[in-house]
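# Below are the sequence and a predicted model for it; my questions follow.
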Amino acid sequence: MDHAAIRRAKEHFGRLLETQMRRVEAVKSSPGWIDYRTLSPLKIGVLAGDGIGPFIAAQARRVLEFLLRDEVRSGRIVIADIEGLTIENRAAHGCAIPPDVLEEIRKYPVTLKGPTTTPRQGDPWPNIESSNVAMRRELDLFANVRPVRVPRLGIDWKFFRENTEDLYALGSNGLDVDADISIDFRLITATGADRICRLAFEDARKNGRRRVTCVTKANVVKTTDGRFLESFYRVARDYPEIDADDWYIDIMTAKLIDETRRREFQVFVLPNLYGDILTDEAAQFQGGVGTAGSANIGQRYAMFEAIHGSAPRMVAEDRAAFADPSSMIRAAALLLGHIGFPRLGRDLEMALDIAGQYERKIVVTGRSTGASGQAFTDYVMDWLRNPELKDAWEACLKG
Ligand code: IPM
Ligand code: MG
């Protein structure tokens, strides 16, 4: 037995624990939720990302500037670019977020972020950490909120994916113990599980939802998922008017395609990796990951993004201008709701529903035979300017 390898592994594990214990202490001593109304100006940073990122982020920004034109003109809101979160720059610095870029990001309580390439072993890029994961950690964006709505199918789901723990927290800190054995580390804290579960229940209560469902694999992954589930039912006690239930991830993926059962689900709360997987599946009902936006919420910062990656192949094949910007525009709608413009956010969602799911006069296919992202965005903006928007949307729902 290689005792030196075991000793090295123990030391490695010890260092990880130190970092995590420090992180949890910092979380516990957070000064609380930021109040956007007290910020003047409120600064929104745009991180274009790479791959198709700059193309679809530019469209979402255009919509945002249009809807917030009065606030931008009066100086109440500033929308500005944050440069440097590109794969080239990240690779050159050998890190997920170059320090000067992170410093800049910290000046913006709210960001709209295009997809960023996440390298993996064997890619032409150094195998650096995902900048999504790094940003979620650095800004403590503990909640990844992902709505999926398909009125036609009676689907109205909201996923609360924990965003700072699970296999992701130490995903770049695994260990090749020797030439044969590799180990990754999975971490769940009561602090982390409690705060995501509480946010899910609070949101359910605020929006009159009657049910919150937790998803784990606690029958097999007993310790970490066990703790998550324990937190879930503990928090649930404070919300007696809401039904709390739990399912295992495997059967949950099946239930989402069960037409008779899936409409019954309303709000989901789940650890990071299960949330990653299940939300891609869920988004497929709505038209695919290209149509789904997500909010990364923390007490001090919030970041809004698409739920998909940077699709470098589309760029290589010269198709980036034909990428669907819906995901980023949905993210912009979530952003509007989060910073205190819920009516604008809802208008934008209605315009997207009509353009993308019902009327479909201009359809993006991801290829040059379909519409460009710019043409589709013009179409969405025409609906935003249309005084009949709400009536038209309600008519669509009635079929
Ligand atoms: C997502 C993405 C990211 C994740 C990747 C790009 C790291 O898939 O936002 O769901 O796994 O969280
Ligand atoms: Mg994902």
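Looks like it arrived, so ask away. Ligands and ions are numbered 1, 2, ... in the order given.
# Would you check how far apart the residue lying closest to G287 once chain neighbours are set aside and M350 are?
With sequence-adjacent residues excluded and distances taken as Cβ to Cβ, 6 or more residues apart in numbering, G287 is closest to G356, at 6.3 Å. For the C-beta atoms, the positions are set from N, CA and C on the backbone; glycine is no exception. G356 sits 11 Å away from M350, taking Cβ to Cβ, to the nearest Å as the criterion.
# Okay, and the residue of the stretch 201-350 of the chain found nearest ligand 1 sits in which element?
Going by Cβ to the nearest ligand atom, ligand 1 is nearest to D276 of the stretch 201-350 of the chain, at 4.4 Å. Secondary-structure element containing D276, defined by DSSP states H and E: helix 272-284.
# counting contacts, what elements does that helix pack onto?
When contacts are defined as 3 or more Cβ pairs under 8 Å, 6 or more residues apart in numbering; DSSP states H and E, helix 272-284 sits against strand 143-150, strand 155-162, helix 166-169, strand 211-216, helix 249-255, strand 267-270.
# If we use 7 Å, what do you get?
Where contact means 3 or more Cβ pairs under 7 Å, 6 or more residues apart in numbering; DSSP states H and E, helix 272-284 is packed against strand 143-150, strand 155-162, helix 166-169, helix 249-255.
# Next, the buried residues of it.
Residues of helix 272-284 classed as buried: 272-279, 282-283 (neighbour count, 16 or more other Cβ atoms under 10 Å).
# count of neighbours near the residue of the stretch 51-200 of the chain found nearest ligand 1?
Ligand 1 sits closest to S130 of the stretch 51-200 of the chain, with a gap of 3.9 Å, by Cβ to the nearest ligand atom. Look at S130: counted by other Cβ atoms under 10 Å, it has 19 neighbours.
# check contacts around the nearest residue to it once chain neighbours are set aside.
Excluding the flanking residues, the one nearest S130 by Cβ to Cβ, 6+ apart is T118, at 4.0 Å. Each residue near T118 by Cβ atoms under 7 Å, 6 or more residues apart in numbering is listed here: 130, 132, 309.
# Show me those that map onto helices.
N132 (DSSP state H).
# Run a quick neighbour tally on T117.
T117 has 24 nearby residues by other Cβ under 10 Å.
# T111 now?
Using other Cβ under 10 Å: T111 sits among 23 other residues.
# now the helix or strand that contains it: mean pLDDT?
Applying DSSP H and E as the criterion places T111 in strand 110-113. The average pLDDT within strand 110-113 is 98.
# R210: which of the buried residues of helix 272-284 is nearest?
Distance to R210, by Cβ to Cβ, is smallest for A282 among the buried residues of helix 272-284, at 19.1 Å.
# rewinding a little: need the pLDDT of the residue of the stretch 51-200 of the chain closest to ligand 1.
At S130, the pLDDT recorded in the model is 91.
# what does D123 give?
Confidence for D123, expressed as pLDDT, is 89.
# Ramachandran angles for it?
phi -70, psi 160 (degrees, to the nearest 10).
# burial of it, as a residue count?
14.
# Show the contacting residues for R136.
Contacts of R136 (Cβ under 7 Å, 6+ apart): 163-164, 296.
# Out of these, give me the one that has the most neighbours.
Busiest of those [other Cβ under 10 Å] is N163, holding 30 neighbours.
# which parts of this structure sit against ligand 1?
For the chain, the residues in contact with ligand 1 (Cβ under 6 Å from any ligand atom) are 118, 130, 132-133, 276, 307, 309.
# of the residues you listed, closest to K206?
Among the residues of the chain next to ligand 1, and counting by Cβ to Cβ, the member closest to K206 is I307, at 22.9 Å.
# Can you list the helices and strands that the helix ranked longest in the chain packs against?
As assigned by DSSP H, the longest helix anywhere in the chain is helix 3-28. Other helices and strands packing on helix 3-28, by 3+ Cβ pairs under 7 Å, 6+ apart, are helix 190-206.
# Tell me which of G356 and M350 has more neighbours.
Taking neighbours as other Cβ under 10 Å, G356 and M350 compare with G356 leading, 23 against 20.
# quick revisit: residues contacting the next helix or strand after the longest helix of the chain from elsewhere in the structure, which ones?
Going down the chain from helix 3-28, the next helix or strand is strand 42-47, by DSSP H and E. Here strand 42-47 makes contact (Cβ under 7 Å, 6+ apart) with 36, 57, 61, 76-82, 85, 105, 107-114, 339.
# just the buried members of those residues?
Applying 16+ other Cβ under 10 Å to the contacts of strand 42-47 flags 36, 57, 61, 77, 79, 82, 85, 105, 108-114, 339 as buried.
# follow-up on the earlier one: just send the helices and strands packed on helix 272-284 back as a markdown table, with mean pLDDT too.
Below are the helices and strands packed on helix 272-284 laid out as a markdown table (pLDDT from 0 to 100):
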| stretch | mean pLDDT |
| --- | --- |
| strand 143-150 | 94 |
| strand 155-162 | 97 |
| helix 166-169 | 96 |
| helix 249-255 | 98 |
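# Serialize those to JSON lines and add fields for mean neighbour count.
What follows is the helices and strands packed on helix 272-284, written out as JSON lines (neighbours: other Cβ atoms under 10 Å):
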{"stretch": "strand 143-150", "mean neighbour count": "23"}
{"stretch": "strand 155-162", "mean neighbour count": "23"}
{"stretch": "helix 166-169", "mean neighbour count": "22"}
{"stretch": "helix 249-255", "mean neighbour count": "15"}
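# Just the closest of the contacts of T118 to D194, please.
Distances from D194 to the contacts of T118, taken by Cβ to Cβ, are shortest for N132, at 23.4 Å.
# and the closest one, what does it touch?
N132 touches 116, 118, counting by Cβ under 7 Å, 6+ apart.
# now, among the contacts of R136, which is nearest to E394?
Distances from E394 to the contacts of R136, taken by Cβ to Cβ, are shortest for N296, at 31.1 Å.
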